[in-house]
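S.K.: Mind folding the following:
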Amino acid sequence: MKEFIGVIEKLSKKIQRQINLMEVCGTHTVSIFRHGIRSLIPSNIKLLSGPGCPVCVTPIEDVDRMLYISKQPDVILTTFGDMMRVPGSNGSLYKAKAEGADIRMVYSPLDALKIAENNKNKRIVFFAVGFETTSPLIAGTLFEADRKNIENFYIYSVHKLVPPALEVLVNTEELKLDGFILPGHVSTIIGSKVYEFIPLQYKKACVITGFDADDILHAIAMLLKQISDNEPKVEIQYKDAVKPDGNPKAIEFINRYFEPADSNWRGIGIIPKSGLKLKEKYAYRDAQKIFSISGIKVREPQGCKCGLVLRGVKLPTECPLFAKICTPENPVGACMVSSEGSCAAYYKYGRS
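M.R.: Residues are numbered from 1 along each chain as shown. Below you'll find the predicted structure:
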């Protein structure tokens, strides 16, 4: 650790200006807070947290649609645990469950498929949330559903793709980014080549890294070296897990069932081709086509700055609700729900 800190200090003095680096992985955000990395590096290096939490970037409108579907006859809604607590316009899935809706927390989409297999007289909907890391597992579950001829299993896909969001962020002038700490888990699937447009078109430094303090400090040192030498590129620090071409089998499974689609990101808005929707040949599994969802009025929580936090424009402490009205026990915005959310991480590790 001391070795990397020494290199960082030396390079930061050589560059002699403020350097803005953004991590776009929720696990990196938590690690940076937990290890106090901001306090270990020179003050002219600013670490910004981006939209690296899939729970956080899921917009309220999709939560509202899940609430609507959960109240339809003969429906069992299944979802990962964090999504149960994300506030919609009029309550959360936890609240709907308490009011009588059959909503079940699962640890895997295969758990949801098992529920469908055991409840043939019900329609089982899985709220499919995540980045490229989880989408191969959803695709594999769809494969199993067809193989076993389980006809009552559907998904509502709000999967997000990381590279299109990075292009939006790098073009956000107020951030003035110099480089990215790229996500480790996502990159095990999609590899490093998909990020090459960032140094080629935008001249920004990129390093894919692991999650220990040494990994992150090493990545910062590598980024500073690129910036100091004016040689932006995509480097892999996390070499044990990430290959340039990623995981071809996982990518093949994603492409078999899904295709890119315009997608709404909380705090950012519609990003072209940044989501995954089921291909038309699998429309019989698409909850958005099975259920008629219309006339839902979305209401954003007053005073919540979750969207600005997700864009890296504001710190959690700059939100007037932070640690007052909005806490992990009573989240107003999605950034306080997931352990990977910037507000939740800042609440737990950064308030001092």
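S.K.: What's the mean pLDDT across stretch 267-277?
M.R.: Mean per-residue pLDDT for stretch 267-277: 94.
S.K.: Report the buried residues of it.
M.R.: 267-268, 271, 274-277 (16 or more other CB atoms under 10 Å). From N, CA and C alone the C-beta is placed, and that goes for glycine too.
S.K.: Which of the residues you listed fall within strands?
M.R.: 271, 274-277 (DSSP state E).
S.K.: which of these lies closest to residue 128?
M.R.: Minimum distance to residue 128 across these is 8.6 Å, recorded for residue 276 (CB to CB).
S.K.: need the contact list for that closest one.
M.R.: 135, 157, 159-161, 254, 258-261 (CB atoms under 8 Å, 6 or more residues apart in numbering).
S.K.: same thing with residue 318?
M.R.: So residue 318 contacts 305, 308 (CB under 8 Å, 6+ apart).
S.K.: Tell me the confidence at it?
M.R.: 92.
S.K.: Ok, residue 101 next?
M.R.: 97.
S.K.: and if you look at residue 80?
M.R.: Reported pLDDT for residue 80: 94.
S.K.: What count of nearby residues applies to the closest residue to it other than its chain neighbours?
M.R.: Counting by CB to CB, 6 or more residues apart in numbering, residue 129 is the residue found nearest to residue 80 once chain neighbours are left out, at 6.4 Å. Burial of residue 129 is recorded as 23 neighbouring residues (other CB atoms under 10 Å).
S.K.: now swap in residue 61 and tell me
M.R.: 17.
S.K.: what's it sitting at in phi/psi?
M.R.: Backbone dihedrals for residue 61, given as degrees, to the nearest 10, come out at phi -60, psi -30.
S.K.: so how far is residue 284 from the residue nearest to it when sequence neighbours are not counted?
M.R.: Leaving aside its chain neighbours, residue 61 sits nearest to residue 298 (4.8 Å; criterion: CB to CB, 6+ apart). From residue 298 across to residue 284, the span is 28 Å (CB to CB, to the nearest Å).
S.K.: what does residue 229 give?
M.R.: 54 Å.
S.K.: How far away from the center of its chain is the helix or strand containing residue 20?
M.R.: Assessed by DSSP states H and E, residue 20 sits inside strand 19-23. Computed by CA atoms, centre = their mean, to the nearest Å, the chain-centroid distance of strand 19-23 equals 17 Å.
S.K.: Quick check: next helix or strand after that strand?
M.R.: Beyond strand 19-23 on the C-terminal side, the first helix or strand identified by DSSP H and E is helix 26-34.
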